[in-house]
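Peer 1: model this:
(2 chains)
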Amino acid sequence: GAVVSQHPSRVICKSGTSVKIECRSLDFQATTMFWYRQFPKKSLMLMATSNEGSKATYEQGVEKDKFLINHASLTLSTLTVTSAHPEDSSFYICSARDVQGMATGELFFGEGSRLTVL
Amino acid sequence: LAKTTQPISMDSYEGQEVNITCSHNNIATNDYITWYQQFPSQGPRFIIQGYKTKVTNEVASLFIPADRKSSTLSLPRVSLSDTAVYYCLVGDHVWTGRRALTFGSGTRLQVQP
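Peer 2: The predicted structure is shown next:
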């Protein structure tokens, strides 16, 4: 089945630095990808919708200048956490739907990226 | 988007059948019901999806009554490896794929030996 891959799976950085997380659809094209954030023992919270070739749509309360999203190709979306601070530490998960396989409408998720800001 | 309500947690023993019910009273006509499984520090994994009546695959069954205001995920003969969080999601899936899914609180299933 379709696979969504995230990289890196874990990253530790110093406060004030920027971190980029990549999300790739490995065997299908995804015009739309979604970025979620998850705190320990909490549910996934949608951060933004990434649209190929256009600006991302952010959910209310999510700072677009803090969480930069770029969807430059049909198989790659990136999330950059700029000037990271300890409160940005979280588990970030991307997802994408294989538009060609709309019969099931299955949404595929990446493995997640755990960010720790010191 | 339809809101979902699930039990926060459930406990079971190996070999038992587990049924997790999800309420979605304001489900729309075009909405499908999808269940995902999530292990710690991993992304959610698709389990099953349905629109009405019953759907069965190799890992689970999904029961949806005629009014579609609830659904029940049935896991036959659970094992320790089924310990995870299970999410019920409702949304218009059979579309362009541009709409995200909203996650509820999920049900934390603990399977004991």
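Peer 1: Spell out which residues of chain A are next to chain B.
Peer 2: Applying CB under 8 Å from any CB of the partner chain, we find that chain A lies next to chain B at A:4, A:6, A:30-32, A:34, A:36, A:43-46, A:49, A:51, A:91, A:93, A:95, A:97-99, A:102-112, A:114. (Glycine included, C-beta is placed from N, CA and C.)
Peer 1: starting at the chain centroid, how far to stretch B:18-36?
Peer 2: On the basis of CA atoms, centre = their mean, to the nearest Å, the separation between the geometric centre of stretch B:18-36 and that of its chain is 7 Å.
Peer 1: repeat for stretch B:60-75
Peer 2: A distance of 9 Å separates the C-alpha centroid of stretch B:60-75 from that of its chain, computed with CA atoms, centre = their mean.
Peer 1: which regions of chain A sit below the pLDDT cut-off?
Peer 2: By pLDDT under 70, the low-scoring segments of chain A are A:1-2, A:99-106.
Peer 1: Helix or strand: which one has the residue positioned nearest the centre of chain B?
Peer 2: Most central in chain B under CA atoms, centre = their mean is B:W35, positioned 3.1 Å from the mean C-alpha point. Assessed by DSSP states H and E, B:W35 sits inside strand B:32-38.
Peer 1: Extract the C-alpha set from that strand and format it as CSV.
Peer 2: Once side chains and other backbone atoms are set aside, the C-alpha atoms of strand B:32-38 remain, and they are given as CSV (Å, rounded to 0.1, in the frame of the first residue of the first chain):
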residue,chain,number,x,y,z
TYR,B,32,-17.6,7.9,5.9
ILE,B,33,-16.5,6.4,9.2
THR,B,34,-12.9,5.4,9.6
TRP,B,35,-11.0,3.8,12.4
TYR,B,36,-7.3,4.2,13.0
GLN,B,37,-4.9,2.5,15.4
GLN,B,38,-1.9,4.3,16.9
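Peer 1: Now do the helices in chain B.
Peer 2: Per DSSP state H, chain B carries no helices over any range.
Peer 1: cool, and chain A?
Peer 2: With DSSP H, there are no helices along chain A.
Peer 1: Quick one: the strands in it, in order.
Peer 2: Per DSSP state E, chain A has strands spanning A:4-7, A:10-13, A:19-25, A:32-38, A:44-51, A:57-58, A:67-73, A:76-81, A:90-97, A:107-109, A:113-117. These are given in chain order.
Peer 1: mind putting those in TSV, mean neighbour count included?
Peer 2: Listed next are the strands of chain A as TSV, based on neighbours: other CB atoms under 10 Å in any protein chain shown:
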stretch	mean neighbour count
strand A:4-7	19
strand A:10-13	14
strand A:19-25	21
strand A:32-38	24
strand A:44-51	21
strand A:57-58	17
strand A:67-73	17
strand A:76-81	22
strand A:90-97	25
strand A:107-109	23
strand A:113-117	19
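Peer 1: thinking again about what came up before, which residue sits closest to the residue nearest to the centre of chain B, ignoring its sequence neighbours?
Peer 2: Counting by CB to CB, 6 or more residues apart in numbering or on different chains, the nearest residue to B:W35 once its immediate chain neighbours are dropped is B:I47, at 4.5 Å.
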